[in-house]
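In: Quick one, structure for this:
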Amino acid sequence: MNEIQDILRMARAYLEKLPEVPPAPSLPEITSLAQWIDHTLLKPEATAEQIKQLCDQAVEFGFYSVCVNPVFVPLASGLLHNTSVRVGSVVGFPLGASSATIKALEALDCIEKGATEIDMVMNIGALKGKAYGQVLNDIWMVREVTKRQKVVLKVILETGLLTTEEKIIACLLAEAAGVDFVKTSTGFSSGGATVEDVDLMYRVVGKTTKVKAAGGIRTYEDAVKMIGAGASRLGTSAGVSIIQQGRS
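Out: Model (predicted):
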């Protein structure tokens, strides 16, 4: 309880004045944009053939990872086994409304089938209902699984549904749970990543926790702006187009 009160006090302070953080990378410092990208296909109608194409593109263009729905983790893991491309998957996606126990089991199942990165959707309703202990426990239970398995955990806030104060509190709760990334969006809700949200998240937790921008990133210009605002990773289904734009 004391931890939650400390987080709320910090959130109120950040609403008045955000902390200073080191400047995010500028374009000349981005040596390989492809290595910032999680090449993503999470559409419900995605087929195995499309996942194979996604993996082929990830190898060809040198993306950091692919991000696929749990059912396709074994396929992607097998296809990418002898490559440097990581396999990521999603938990509690896209609503975040599964129980914490189910989210933890889903994460473990994905990891056992080959995922090395997990993007989980936090309990958005609990956050908006000010049930902060429930939100923290939700994240912590998945973090316990990923920590034991030495797997990266990203927590999706779904920023398009949140007020500024809620975004700050969500970031601080995720940081308290020890996650590796806070992530803007699922891409399935009312809004995607914005430069303003990435900048806010980076200022709140950027000293300890990385930021992933996802949702609506379609152009090379979008990608560079998100990195410049503080993103360390980009989730996009338009990775091939973005890299091709950057080369032209």
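In: Would you state the strands of the chain in chain order?
Out: Ranges of strands in the chain, per DSSP state E, are 37-41, 65-68, 86-91, 117-121, 152-156, 181-183, 210-214, 233-236.
In: Low-confidence regions, the chain specifically.
Out: Low-confidence regions of the chain, defined here as pLDDT under 70, cover residues 1, 26-30.
In: make it 90
Out: Counting by pLDDT under 90, the chain shows low-confidence ranges at 1-2, 19-32, 190-191, 246-248.
In: ranges for the helices of this structure?
Out: Listed in chain order, the helices of the chain (DSSP state H) span residues 2-16, 48-61, 73-79, 100-112, 124-128, 132-148, 164-177, 195-205, 220-229, 239-247.
In: In the fifth one, which residues are buried?
Out: What that stands for is helix 124-128. Of all the residues in helix 124-128, those buried under the rule 16 or more other C-beta atoms under 10 Å are 124, 126-127. C-beta: built from backbone N, CA, C; applies to glycine.
In: re earlier: mind putting the helices of the chain into TSV with distance to residue 91?
Out: What follows is the helices of the chain, written out as TSV (distance: least, C-beta to C-beta, whole Å):
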stretch	distance to residue 91
helix 2-16	23
helix 48-61	18
helix 73-79	11
helix 100-112	5
helix 124-128	14
helix 132-148	6
helix 164-177	14
helix 195-205	20
helix 220-229	23
helix 239-247	22
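In: For residue 160, the count of nearby residues, please.
Out: Burial of residue 160 is recorded as 17 neighbouring residues (other C-beta atoms under 10 Å).
In: ok, now how distant is the closest residue to it other than its chain neighbours from residue 68?
Out: Nearest residue to residue 160, sequence neighbours excluded (C-beta to C-beta, 6 or more residues apart in numbering): residue 191, at 2.6 Å. Distance, residue 191 to residue 68, by C-beta to C-beta, to the nearest Å: 23 Å.
In: do the same with residue 83
Out: 15 Å.
In: ok, those two, which is more surrounded?
Out: Between residue 83 and residue 68, residue 68 has the larger neighbour count (other C-beta under 10 Å), namely 26 against 12.
In: In this structure that one contacts residue 93, no?
Out: No. With contacts defined as C-beta atoms under 8 Å, residue 68 does not count as touching residue 93, sitting 10.8 Å away.
In: Overlap in contacts, the two.
Out: Here residue 68 and residue 93 have residue 42 as joint contacts, going by C-beta atoms under 8 Å, 6 or more residues apart in numbering.
In: Spatially central residue in the chain, please.
Out: residue 183 (3.5 Å; C-alpha atoms, centre = their mean).
In: so how far is residue 235 from that one?
Out: Relative to residue 235, residue 183 is positioned 7 Å away (C-beta to C-beta).
In: what's the overlap in contacts for those two?
Out: Listed as contacting both residue 183 and residue 235 by C-beta under 8 Å, 6+ apart are 119, 212-214.
In: As TSV, these with distance to residue 45 and neighbour count would be great.
Out: Supplementary listing: the shared contacts of residue 183 and residue 235 in TSV, determined by distance: C-beta to C-beta, whole Å; neighbours: other C-beta atoms under 10 Å:
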residue	distance to residue 45	neighbour count
119	20	28
212	24	26
213	25	32
214	19	26
